[in-house]
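Engineer: Here is the input, now give the coordinates:
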Amino acid sequence: MPQPAQTYKSHRRFYPIFHFFVLPVLTINVVNTIRHVWYRPMRDTWFELLMAITLLTLALTARAMAIAVQDRVIRLEMQLKLRALLPADLQGRIGELTRRQLVALRFASDDELPSLVGEVLAGKLADSRAIKQRIKDWQADHLRA
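Structural biologist: Residues are numbered from 1 along each chain as shown. This next block holds a predicted model:
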């Protein structure tokens, strides 16, 4: 089944089970447990609050770890891609690109990547939002965690 077209406005990834079920349920659990502590401040309700906060923190931490690993893979992929596509004078400067810049550049086509990297290294495109907005031929990433 073909994936829907992706653009700057639609590239953010929501994982429905996580964003629309797990996070809301765990957040409601924390709020409800705070209510229990407020009305019945006993040792067991405080422990329940600690566990509710721990579960919410676990979910958020697991998500952050998955994104961090994916960003590392993207960084490696982009470094290899840039070594193949950039002119010799820019290849030696690949290490100057930040992780966030490399992650943003992954959406650019092979044809426009060298000019975008040149602009980034020249300081014309400072943040990932500016890089993404400058991309003309958007290459979708449907595998983002």
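Engineer: Residue 73: how many residues sit nearby?
Structural biologist: 9 (other C-beta atoms under 10 Å). No exception for glycine: its C-beta is placed from N, CA and C like everyone else's.
Engineer: Check what pLDDT it gets.
Structural biologist: With respect to pLDDT, residue 73 scores 93.
Engineer: Might you report the residue contacts of it?
Structural biologist: Residue 73 sits next to no residue when contact means C-beta atoms under 8 Å, 6 or more residues apart in numbering.
Engineer: Could you measure from it over to residue 90?
Structural biologist: Between residue 73 and residue 90 the distance is 22 Å, computed by C-beta to C-beta, to the nearest Å.
Engineer: mind checking the SS state of the residue nearest in space to the middle of the chain?
Structural biologist: Residue closest to the average C-alpha location in the chain (C-alpha atoms, centre = their mean): residue 67, at 5.5 Å. Following DSSP: H, G, I helix; E, B strand; the rest coil, residue 67 is assigned to helix.
Engineer: Residue numbering should commence at 826 henceforth.
Structural biologist: With the count now opening at 826, the last piece we talked about shows up as residue 892.
Engineer: Could you list the domains of this protein?
Structural biologist: Annotated domains of the chain cover 840-898, 911-965 [automatic domain parsing].
Engineer: tell me, which of those domains is the model least confident about?
Structural biologist: Averaging pLDDT over each of the domains of the chain puts domain 911-965 lowest, since it has a mean of 89.
Engineer: how far is that one from where the chain is centred?
Structural biologist: Distance, stretch centre to chain centre, for domain 911-965: 17 Å (C-alpha atoms, centre = their mean, to the nearest Å).
Engineer: what do you get for stretch 844-852?
Structural biologist: So, by C-alpha atoms, centre = their mean, the centroid of stretch 844-852 is 18 Å from its chain's centroid.
Engineer: Of all the residues in it, which ones are buried?
Structural biologist: 847, 848, 851 (16 or more other C-beta atoms under 10 Å).
Engineer: Generate TSV for those residues, with distance to residue 950 as supplementary columns.
Structural biologist: TSV is the format used below for these (distance: C-beta to C-beta, whole Å):
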residue	distance to residue 950
847	35
848	32
851	37
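Engineer: What about the nearest residue to residue 857 once chain neighbours are set aside, how many residues nearby?
Structural biologist: Leaving aside its chain neighbours, residue 857 sits nearest to residue 877 (7.9 Å; criterion: C-beta to C-beta, 6 or more residues apart in numbering). Burial of residue 877 is recorded as 21 neighbouring residues (other C-beta under 10 Å).
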